[in-house]
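Everything below, folded, please.
(2 chains)
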There are 2 protein chains.
Amino acid sequence: MKSRIAVFSTLIFPIVILAGCSNNPTPSTPSAGQSAVAADPLPSWNDGPAKQAILDFVKTTTDKSNPKFVPPEDRIATFDQDGTTWVEQPIYSQVLFIFDRVAELAPQHPEWKTKMPFKAIVTGDKDAMAKFTLKDIEVLMAVTSTGMTAEAFPPIVKDWWAKAKHPRFDRPYSEMVYQPMLELLKYLRDNGYRTYIVTGGGQDFVRSYAQTVYGIPPEQIVGSALDTKYQYNKDGQGVLMRDPKLALNNNYGGKAEDIYLFIGRHPKAAFGNSTGDQQMLEYTQAGGGASLEMLVLHDDATREYAYGPAQGLPDSKVGTFPQSLYDEAKAKGWTVISMKNDWKQIFAWQK
Amino acid sequence: MKSRIAVFSTLIFPIVILAGCSNNPTPSTPSAGQSAVAADPLPSWNDGPAKQAILDFVKTTTDKSNPKFVPPEDRIATFDQDGTTWVEQPIYSQVLFIFDRVAELAPQHPEWKTKMPFKAIVTGDKDAMAKFTLKDIEVLMAVTSTGMTAEAFPPIVKDWWAKAKHPRFDRPYSEMVYQPMLELLKYLRDNGYRTYIVTGGGQDFVRSYAQTVYGIPPEQIVGSALDTKYQYNKDGQGVLMRDPKLALNNNYGGKAEDIYLFIGRHPKAAFGNSTGDQQMLEYTQAGGGASLEMLVLHDDATREYAYGPAQGLPDSKVGTFPQSLYDEAKAKGWTVISMKNDWKQIFAWQK
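Predicted coordinates:
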């Protein structure tokens, strides 16, 4: 579908900031006692324009008497994952998976002790890891995620998942999900929306845990995808083999293209946090009628991270949110979510 | 995803039999008065092993006390289209669409009168059309189905749809659907199965009418797919342009690969009618547990068509069903549906 040349660039590349995560977790001040308004579907959201935009959108599109009513079959909401539904700093979870997997496989590969890029991981050389090229990542991905059947991969991810912890917060990744976004996913589903993850990350990687983490089934995960090949094994059984070639690069324009490929229509709501999501939001709005486009701005270094460079926040190679995207959002009526101001609580365990 | 070289071969190629459709419709003898058993969900199916296999499968997989119970989220059934849910002889409907579209566009292209392959269509030269090469079809497809936005294509298909008639039966294609398969689709859905079309035909072509004809939404149509490119038009608006490159060749092993890509798991039931569906059925069975695999054998020249060459039926370049596939079905416990014996009624209008 997409170029196989620009392989894993936006998917996996920004590991250069790997060594930059020295902040200790700083517990947020407890949020003011929630007044337990029974009807509030978004208790982790502060009152403000972001929360109001969501409530207005749902009210408008589910009210049959409203000219912008959306019939149930067209209620589709697409969410970017990394940086939108969970933390993406200091390193994408999938890159961490690849590094951890190399370390796990290393005893079977004594030659890796002296062979780059494996050597850097095996010896824990963070400076060398920070200099990995795209080619290095492709080599690492090939040995950790391909050359096996489609069935063999998810258990490997699940094993990793059970052990992996976020480098800064020292919590399992299942606890690194944004509580406000879990509430939003549920609120939309409760109102007849089908929620999709549309991620630059690996489709099969995300499918391995998405039902558990987000309540989203495999067919509603659209991501960057490797080619598979249907082959007959030595017993004459047909199997799908994972090939080290990228079939779908689900970033930038690829998100709009793949939404069309998988879903066949414009979403009514889309949520992202970076330039990789820009075209998905544009494509959503281009469907006409009522629509909701939101971008998460990471402006809370205390409770999560702060990066942009929109609004003068520090630049980052993970999930770049430039001022130009911020300006497009304002010009087009998209809503920018300030994590600092709009989210009462970010993680479920942060009180 | 798939090779872009074997472009439209199985999708569109078998037009060589175009001229071979000289049979006039022969009304079937009216079926014996249906005894209107209120509970029969499959009234167009004769009692027999095919109908029984369906009833047994649904009973088994929806009974919580049965060890082969299938939870609702895994109830996925995939249907080939051409030759499985509607007629594919004497020419795939999509090829007819392409030919009709060329004829419609011809007045704007006076040069086509002397330029092959257009000339053959414009002048109605069936002998020349029967000799079209793969390259010819690609050229025709490019001018009729690409170089436009994604939004521009479905209305063209719908316009054609409103006018097109089957060459032999002189009925709109909406009436060329097999009544027993409509009942089967509904019966499965009534029992919690999500029904997908998994077709070698063009995904966007089928999506244009599938909701109306089959009650199946766009996201449950998986087909051969052209590439689209997200581009900005002169007004700065993002649009998806249809590119004359095949992104997914959804035939043979491609069906298993694309089911994995789109749905992320093995179906529990799969229905086909040719070698192009073989791997889809194998992949379904490979999921383990209860599963249902069925192949439609076209053995009713009177009410529909008869072709194989399984069971000594005439060979055909559309929907080939060789004896080897028949043997595989028997060996693996797949059910072969005899249109002649298993279907009381084929089309809704045939009494």
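
can you give me the strands in chain A?
Using DSSP state E, the strands of chain A run over A:76-79, A:194-202, A:221-232, A:238-248, A:269-272, A:292-297, A:335-338.

And those strands: which comes nearest chain B?
strand A:221-232 (3.1 Å; Cβ to the nearest Cβ). For every residue, glycine as well, the C-beta is placed using N, CA and C.

May I see the buried residues of that closest one?
Residues of strand A:221-232 classed as buried by neighbour count (16 or more other Cβ atoms under 10 Å in any protein chain shown): A:221-228, A:230.

What of stretch A:140-159?
A:140-141, A:143-146, A:150, A:153-154, A:156-157.

What about chain B: which of the buried residues of strand A:221-232 touch it?
A:221, A:225, A:227-228, A:230 (Cβ under 8 Å from any Cβ of the partner chain).

Give me every residue in chain A that's in contact range of chain B.
A:1, A:73, A:150, A:203-204, A:207, A:217-219, A:221, A:225, A:227-231, A:237-240, A:247-248, A:252-254, A:256-257, A:260-265, A:279, A:282-283, A:286.

Quick one, which of those are buried?
For the residues of chain A next to chain B, buried by 16+ other Cβ under 10 Å: A:1, A:150, A:203-204, A:207, A:217-219, A:221, A:225, A:227-228, A:230, A:238-240, A:247-248, A:252-254, A:256-257, A:260-265, A:279, A:282-283, A:286.

ok, and the closest non-adjacent residue to A:Thr284?
A:Ala270 (4.0 Å; Cβ to Cβ, 6 or more residues apart in numbering or on different chains).

Please apply the same query to A:Asp80.
Counting by Cβ to Cβ, 6+ apart, the residue nearest A:Asp80 is A:Gly272, at 4.2 Å.

One more: A:Ala120?
That would be A:Ala128: by Cβ to Cβ, 6+ apart, it lies 3.7 Å from A:Ala120.

nearest residue to A:Ala256 other than its sequence neighbours?
Using Cβ to Cβ, 6+ apart, the nearest residue to A:Ala256 is A:Tyr283, at 3.8 Å.

my guess is that neighbour meets A:Ile259, correct?
Yes. The criterion here is Cβ atoms under 8 Å, and A:Tyr283 meets it with A:Ile259 at 6.5 Å.

got any residues that touch both of these two?
Common neighbours of A:Tyr283 and A:Ile259, using Cβ atoms under 8 Å, 6 or more residues apart in numbering or on different chains, are A:266-267.

A:Phe205 contacts A:Phe97, doesn't it?
Yes. Between A:Phe205 and A:Phe97 there is a contact at 7.0 Å, judged by Cβ under 8 Å.

These two: which is more packed in?
A:Phe205 (27 against 21; other Cβ atoms under 10 Å in any protein chain shown).

Quick check: that one vs B:Trp349, distance?
50 Å (Cβ to Cβ, to the nearest Å).

do the same with A:Val95
Counting by Cβ to Cβ - A:Val95 and B:Trp349 are separated by 59 Å.

Between the two, tell me which one has more neighbours.
A:Val95 (23 against 12).

Name the nearest residue to A:Gly276, sequence neighbours excluded.
That would be A:Asn251: by Cβ to Cβ, 6+ apart, it lies 4.5 Å from A:Gly276.

Now pLDDT too, for the ones next to chain B among the buried residues of strand A:221-232, in a markdown table please.
Shown next, in a markdown table, are these (pLDDT from 0 to 100):
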| residue | pLDDT |
| --- | --- |
| A:Ile221 | 98 |
| A:Ala225 | 95 |
| A:Asp227 | 95 |
| A:Thr228 | 97 |
| A:Tyr230 | 98 |
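
which one of these is nearest B:Phe118?
A:Asp227 (35.4 Å; Cβ to Cβ).

Now do the contacts for the closest one.
Counted by Cβ under 8 Å, 6+ apart, A:Asp227 has contacts A:243, A:245-247, B:1, B:257.

Please apply the same query to A:Gln81.
Neighbours of A:Gln81 in contact, by Cβ under 8 Å, 6+ apart: A:197, A:199, A:201, A:206.

A:Thr84 is in contact with the third one, correct?
No. Contact status for A:Gly201 versus A:Thr84: not in contact, 11.1 Å apart, counting by Cβ under 8 Å.

Contact partners for the residue nearest to A:Ala120?
A:116-117, A:119-120.

which one of those sits closest to A:Arg189?
Nearest to A:Arg189 among those, with distances taken as Cβ to Cβ, is A:Pro117, at 41.5 Å.

Would you mind measuring from the closest one to A:Ser224?
From A:Pro117 to A:Ser224 the distance is 20 Å (Cβ to Cβ).

go on, A:Ala103?
Distance from A:Ala103 to A:Ser224, by Cβ to Cβ: 23 Å.

now swap in A:Ile263 and tell me
A:Ile263 is 16 Å from A:Ser224, by Cβ to Cβ.

Lowest-confidence entry in the contacts of A:Asp227?
Lowest pLDDT among the contacts of A:Asp227: B:Met1, with 37.

Torsion angles phi and psi at the residue nearest to A:Gly276?
phi -140, psi 160 (degrees, to the nearest 10).

Select, out of the strands of chain A, the one closest to A:Lys68.
When these are compared (using Cβ to Cβ), the closest one is strand A:292-297, at 11.2 Å.

Return the closest one as PDB; C-alpha atoms alone will do.
The C-alpha coordinates for strand A:292-297 follow below in PDB (Å, rounded to 0.1, in the frame of the first residue of the first chain):
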ATOM      1  CA  LEU A 292     -14.900  16.500  16.300                       C
ATOM      2  CA  GLU A 293     -11.200  16.900  15.900                       C
ATOM      3  CA  MET A 294      -8.900  17.000  19.000                       C
ATOM      4  CA  LEU A 295      -5.200  17.200  19.600                       C
ATOM      5  CA  VAL A 296      -3.600  16.400  22.900                       C
ATOM      6  CA  LEU A 297      -0.900  18.900  23.900                       C
END
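
Pull the distance from that strand to the chain's centre.
14 Å (Cα atoms, centre = their mean, to the nearest Å).

ditto for stretch A:215-226
For stretch A:215-226, the distance to the chain centre is 11 Å (Cα atoms, centre = their mean).

what do you get for stretch A:95-104?
The mean C-alpha position of stretch A:95-104 is separated from the chain mean by 18 Å, Cα atoms, centre = their mean.

which two from the contacts of A:Asp227 end up farthest apart in space?
A:Leu246 and B:Glu257 (14.4 Å).

Span of stretch A:73-88 from start to end?
32 Å (Cα to Cα, to the nearest Å).

what is the rounded mean pLDDT of that stretch?
Mean predicted confidence for stretch A:73-88 is 98.

Nothing else from me, thank you.
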